[in-house]
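Chemist: quick one, structure for this:
(one chain, ligands or ions: 1)
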Amino acid sequence: MVYDVVVIGGGPAGMMAAARAGERGARVLLVEKNNQLGVKLLATGHGRSNFTNMLADKKETVGVYGKNYKFLFSAFNKFGVQKTVEFFVGLGVAAKEEDRGRIFPKSDKAGDIRESLIKYLKKGGVEVWLNVEVKKIVAKDKKIEKIILANGQEIFSKNFIITTGGKSYPETGSSGDGYKWLKSLGHKIITLRPALTPIVLKEKIVKDLEGLSLKNIGINVYQNNKKIISRAGDIIFTADGLSGPAIIDLSERVGALLKAPIFIEIDFKPETEAAELEKKLQNDFHKDGRKIFKNYLAGLVAPKLMPVIIKLSGIDEKKQINAIAKPERQALIKALKEFTLEVKELKGFNKAMITAGGVDIKEVDPKTMRSRLYENLFLAGEILDLDGPTGGYNLQICWSTGFTAGDSAGL
Ligand SMILES: Cc1cc2nc3c(=O)[nH]c(=O)nc-3n(C[C@H](O)[C@H](O)[C@H](O)COP(=O)(O)OP(=O)(O)OC[C@H]3O[C@@H](n4cnc5c(N)ncnc54)[C@H](O)[C@@H]3O)c2cc1C
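Modeler: Below is the predicted model of the structure:
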């Protein structure tokens, strides 16, 4: 039997591509090595699936996709944010918008997104093989001829779509197989890097802060005494460093700077300038003079942060605040507004939300997702050298490129 389209990898991009090709009347086979479809999809958005972002395809904001953003224009034109939302609503997933344009299923269940795609696959008559690992791709005369499965079975098709994803969170099935095949077929693979990852710090003090989650905190990144990045956002301390949306979004830039020492400075009081804070402390220390420092600090910072601030300020926790000297007050301000930690490294692929780098987009036609090297080969999703920040931008890449590939793979 010869299929019209064989899709390798049943993640978001593969399910979308296979179902769209099926909807067009193609005889489609989707092959997935896990025992279920969309394992990583189920983990997205902490199980809630932030499946797109209202700003993802807007001219003013599309630059968040970095230097390769123009590649996405055609796919966004064909199947952009609005169409994506309508598509899922049409399959029974009511959607809601949260802050910063982030779109989630109203049910807060990533499983609903997966179920709707399974419904779409059924509608398109797609044959789905689970627990089936592709081992090899065989090309002949500038065309892909067949794939060979782990059990030795050969599958022939007129067209092939590779959607095997990146190589981060490998336990979800994304082990980077597609990169190896495509490299051996002559495609250029732009260096793979873990992106959207937590950051590991050198200072052991962070262990004391593990689990502390802070909203709208000021973050500055320094190298050679120069401020390189400055932003506000939400962070969480981990056992060995920092995570949370604000950290994850700047991790790729931090990773690129790791050749020389690099420091993250946290401002726990971003809403108050240092001079203003100094005035406030002076006033408070005068007004409530008999209060002991520890009790005063309890009204200023989270309980978990108190021992660290006490240590860094060098002020005896039992000291009456009217006895705090100017240098101590200044050390306190420094601890509150310039809590500085040296970066050791990024967490690796195991904890990276996505893989940056991938198949060079110069070798892929953006209008169809067809390989420029093999006329019956199409690529979609994270395997391409495309990535965006957190907020639903990466799944939108999958929907748009997956739909485009499934819409183009000839019958
Ligand atoms: C914890 C976490 C949270 C995330 N949250 C969000 C979010 O809220 N919003 C967002 O936009 N993005 C999020 N992402 C990113 C998003 O999940 C990815 O961008 C997306 O899953 C990529 O889809 P894909 O279809 O390209 O690849 P994948 O989802 O990686 O799917 C590839 C599939 O191919 C299969 N496969 C691989 N090799 C073979 C083989 N040899 N044979 C057969 N099958 C094979 C794999 O088993 C896998 O099922 C998150 C990522 C992680 C890790």
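Chemist: and the contacts of the lowest-mean-pLDDT helix or strand in the chain?
Modeler: None of the helices or strands of the chain scores lower by mean pLDDT, DSSP states H and E than helix 245-256, at a mean of 91. Residues from elsewhere that reach helix 245-256, judged by CB atoms under 8 Å, 6 or more residues apart in numbering: 193-199, 217, 219, 221, 228-229, 231-235, 262, 264, 343, 346, 353, 356, 389-391. Quick note: C-beta positions are derived from backbone N, CA and C, even for glycine.
Chemist: distance check, Ile137 against Leu149.
Modeler: 11 Å (CB to CB, to the nearest Å).
Chemist: list the buried residues for the least confident helix or strand of the chain?
Modeler: Applying a neighbour-count criterion of 16 or more other CB atoms under 10 Å, one finds 245-252, 254-255 buried in helix 245-256.
Chemist: could you point out the helix or strand that follows that helix?
Modeler: strand 263-267 (DSSP states H and E).
Chemist: which other helices and strands contact that next one?
Modeler: Helices and strands touching strand 263-267, as assessed by 3 or more CB pairs under 8 Å, 6 or more residues apart in numbering; DSSP states H and E, comprise strand 213-223, strand 339-346.
Chemist: so what touches it?
Modeler: Counting by CB under 8 Å, 6+ apart, the neighbours of strand 263-267 from elsewhere in the structure are 199, 201, 217-223, 235, 242, 254, 336-343.
Chemist: is there a quick PyMOL command that grabs whichever of those are buried?
Modeler: What follows is the PyMOL syntax for the buried subset of the contacts of strand 263-267, where burial is set by 16+ other CB under 10 Å:
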select buried, resi 199+201+217+218+219+220+221+222+223+235+242+254+336+337+339+341+343
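Chemist: only alpha carbons, please: show the biggest helix by length in the chain as CSV.
Modeler: In the chain, ranked by residue count with DSSP state H as the criterion, the top helix is helix 393-408. Presented in CSV, the C-alpha positions along helix 393-408 are these (Å, rounded to 0.1, in the frame of the first residue of the first chain):
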residue,chain,number,x,y,z
TYR,A,393,3.9,31.7,20.7
ASN,A,394,5.6,28.3,20.2
LEU,A,395,2.4,26.3,19.8
GLN,A,396,1.2,28.9,17.3
ILE,A,397,4.3,28.0,15.2
CYS,A,398,3.1,24.4,15.3
TRP,A,399,-0.5,25.2,14.3
SER,A,400,0.5,27.5,11.5
THR,A,401,3.3,25.5,10.0
GLY,A,402,1.5,22.2,10.6
PHE,A,403,-1.6,23.3,8.8
THR,A,404,0.4,24.7,6.0
ALA,A,405,2.3,21.5,5.5
GLY,A,406,-0.9,19.4,5.6
ASP,A,407,-2.5,21.8,3.2
SER,A,408,0.3,21.5,0.7
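Chemist: that one close to the ligand?
Modeler: Yes: looking at helix 393-408 against the ligand by CB under 6 Å from any ligand atom, the contacts come from 393-395, 398.
Chemist: how deep is Arg48 tucked in, by neighbour count?
Modeler: If you count neighbours by other CB atoms under 10 Å, Arg48 ends up with 17.
Chemist: so what's it closest to, chain neighbours aside?
Modeler: Excluding its sequence neighbours, the residue lying closest to Arg48 (CB to CB, 6 or more residues apart in numbering) is Asp108, at 4.5 Å.
Chemist: wait, doesn't that neighbour sit right on His46?
Modeler: No: if you go by CB atoms under 8 Å, Asp108 and His46 don't touch, sitting 9.4 Å apart.
Chemist: which one's more surrounded, those two?
Modeler: Neighbours per residue (other CB under 10 Å) separate Asp108 from His46, with Asp108 holding more: 13 against 9.
Chemist: just the element for that one, please.
Modeler: Short version, using DSSP H and E: Asp108 is in no helix or strand.
Chemist: go on, Gly233?
Modeler: According to DSSP H and E, Gly233 maps onto strand 226-237.
Chemist: direction included, what does the following helix or strand past that strand pair up with?
Modeler: Sequence order places strand 241-243 as the next helix or strand after strand 226-237, per DSSP H and E. Looking at strand 241-243 with DSSP bridges, its partner strands are strand 199-201 (antiparallel), strand 226-237 (antiparallel).
Chemist: and strand 241-243, what's its mean pLDDT?
Modeler: Model confidence over strand 241-243, given as mean pLDDT, is 96.
Chemist: so Asp4 makes contact with Phe156?
Modeler: No: counting by CB under 8 Å, no contact exists between Asp4 and Phe156, whose distance comes to 11.0 Å.
Chemist: and the two? Which one has more around it.
Modeler: Asp4 (18 against 13).
Chemist: hey, where'd the helices end up in the protein?
Modeler: With DSSP H as the definition, the chain shows helices at residue ranges 12-23, 39-43, 73-78, 81-90, 110-123, 177-184, 245-256, 274-287, 293-298, 306-313, 326-337, 393-408.
Chemist: if we can go back for a sec, so which of the buried residues of helix 245-256 would count as near the ligand as well?
Modeler: By CB under 6 Å from any ligand atom, no member of the buried residues of helix 245-256 lies near the ligand.
Chemist: now tabulate the residues you listed in CSV and tack on distance to Ala331.
Modeler: Formatted as CSV, these follow (distance: CB to CB, whole Å):
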residue, distance to Ala331
Pro245, 30
Ala246, 26
Ile247, 26
Ile248, 31
Asp249, 31
Leu250, 27
Ser251, 30
Glu252, 34
Val254, 27
Gly255, 32
